[in-house]
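> missing the sequence, but the structure's below:
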Ligand SMILES: CC(=O)N[C@H]1[C@@H](OP(=O)(O)OP(=O)(O)OC[C@H]2O[C@@H](n3ccc(=O)[nH]c3=O)[C@H](O)[C@@H]2O)O[C@H](CO)[C@@H](O)[C@@H]1O
Ligand SMILES: C=C(OP(=O)(O)O)C(=O)O
């Protein structure tokens, strides 16, 4: 298992190019199931989750090919030969559940392994299943699999989500593109990734309006066709590197970063004493003064994203004064706390809130990554700490961040990957 060795204490200066968004790219690849024509995606990130999604689509019978020489363009196409998403792939990556809606809409049946929980929470998929039932699917659970059938095709309906689930909104939006009549999704998720997916589906011939608001309307069509689409830039990767500039007292230009997608995160940076500006196609982040403690609560978009919580925890652990972070999306997303405390942070968890008492400095230590964003919070702590930090279980990080060591080292960080 690979490890990172980080020697902290250097402010980061320079430019980092932000890649295509993991959380958009995965669903955009799945959209390839909705047509027999080719869907060409550009700005595809090189991360393990994309490789896992490629493997899943390939086992459904699609061909997923790299186009050109820069490895950032993928072409998806071909006929679906299997409607089963097996446990060995779904258990690697929960986003695999997103094939359920498209397979049902296109093939009128699907058998998808239940994803189960993961390190950050139990993560049920009841809203996906109830929504598809409202569109006319019959769903049974057996032997750890979701068996879904709609022999006469899906039929549009009004679906009121009790919680604005990102995955349920995407699954239902994709399924509804090929349903008969109109589907309305009320209390839909409003994340920018929703807009990116809807734009791509519309380019494929779908009729979706309202994506990015809480009320999405989809007029079903007979068939979708091929299209080309550029995956939006990864707002979480951008926010993460912004934390690297902030925690080291540096100055980074994040190429492709869009302040508009990071509203609540930008406000949190500013409150904490970090300057964030849009300069053409780049987001510039710099800190010259002290970091100040702030309170944060994670919420669905446009609120503060849970996927930035761990990184802010590292940042606030070296801020002046106390901070409180309340996590409202996932019930177990504080696993980085004991690891940060091993590096000298002073964080106490009370239920869904963490109180962070800022310390003057952190000290390097051997630490263990427990999930994707927790991994990066430990890298951030390592970049700010005195001495050497050894981060193990880097495979969590590789799920969603491309070339971390290259991007950070180019800006002055001392970080190396040790293969093993
Ligand atoms: C691949 C991807 O895009 N992942 C993102 C997506 O995950 P994901 O799509 O899984 O997140 P959801 O918005 O669906 O989940 C949020 C909350 O709703 C609960 N829930 C969800 C569905 C359901 O049927 N029943 C239910 O109870 C979940 O357990 C969780 O507590 O949005 C999350 C919230 O912004 C992000 O942290 C993830 O990075
Ligand atoms: C939780 C995340 O991803 P996933 O939903 O794929 O587990 C994340 O990107 O932080």
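All right, it came through fine. All figures in this text were calculated on a predicted structure; none of them were measured in a lab. Ligands and ions are numbered 1, 2, ... in the order given.

> Could I get the buried residue list for stretch 47-61?
47-50, 52-54, 56-57, 60 (16 or more other CB atoms under 10 Å). Heads up, the C-betas are built off the backbone N, CA and C, glycines and all.

> Now tell me what touches that stretch from outside.
Here stretch 47-61 makes contact (CB atoms under 8 Å, 6 or more residues apart in numbering) with 19, 22, 25-26, 29-30, 32-33, 44, 64, 74, 76, 78-83, 85-86, 89-90, 92-93, 95-96, 99, 103, 395, 398-402.

> That one and ligand 1, any residue contact?
No - remark: stretch 47-61 sits outside contact range of ligand 1, by CB under 6 Å from any ligand atom, the gap being at least 7.6 Å.

> packing partners for the helix or strand containing residue 416?
Secondary structure from DSSP states H and E places residue 416 in strand 414-418. Secondary-structure packing of strand 414-418 (3 or more CB pairs under 8 Å, 6 or more residues apart in numbering; DSSP states H and E): strand 3-7, helix 372-384, helix 404-409.

> What pairs with that strand, parallel or antiparallel?
Sheet pairing for strand 414-418, assigned by DSSP bridges, gives strand 3-7 (antiparallel).

> mean confidence for the strand it pairs with?
Average pLDDT, strand 3-7: 98.

> can you pull the buried residues of that strand?
In strand 3-7, counting by 16+ other CB under 10 Å, buried: 3-7.

> Just give me the closest of those to ligand 2.
residue 4 (18.4 Å; CB to the nearest ligand atom).

> and the stretch 201-350 of the chain, which of its residues are near ligand 2?
Residues of the stretch 201-350 of the chain lying near ligand 2 (CB under 6 Å from any ligand atom): residue 307.

> The stretch 201-350 of the chain against ligand 1: which residues are in contact?
Close to ligand 1, as judged by CB under 6 Å from any ligand atom, the stretch 201-350 of the chain has residues 305-307, 329-330.

> The residue of the stretch 301-420 of the chain found nearest ligand 2: what's it in contact with?
The nearest approach of the stretch 301-420 of the chain to ligand 2 comes at residue 307, 4.0 Å away (CB to the nearest ligand atom). Counting by CB under 8 Å, 6+ apart, residue 307 touches 23, 236, 373.

> Pull out the buried positions in the strand holding residue 416.
By neighbour count with 16+ other CB under 10 Å, strand 414-418 contains the buried residues 415, 417.

> Compute the inter-axis angle for that strand and helix 372-384.
130 degrees (axes from the mean of the first three to the mean of the last three CA atoms, to 10 degrees).

> Residue 389 should be in a helix, yeah?
No - counting by DSSP: H, G, I helix; E, B strand; the rest coil, one finds residue 389 to be strand, located in no helix.

> what's the neighbour count on residue 153?
16 (other CB atoms under 10 Å).

> what helices or strands is the helix or strand residue 40 falls within leaning on?
Counting by DSSP H and E, the element that carries residue 40 is strand 39-42. The contact analysis (3+ CB pairs under 8 Å, 6+ apart) places strand 39-42 against helix 22-30, strand 73-77, strand 227-230.

> most tightly surrounded among the ones you listed?
Greatest average neighbour count among these goes to helix 22-30 (a mean of 26), per mean count of other CB atoms under 10 Å.

> now the angle between helix 372-384 and that one, please.
Going by the same axes, to 10 degrees, helix 22-30 makes 140 degrees with helix 372-384.

> of the contacts of residue 307, closest to residue 216?
For the contacts of residue 307, the closest approach to residue 216 (CB to CB) belongs to residue 23, at 17.3 Å.

> Isn't that closest one up against residue 236?
Yes - in terms of CB atoms under 8 Å, residue 23 counts as a neighbour of residue 236; the distance is 7.2 Å.
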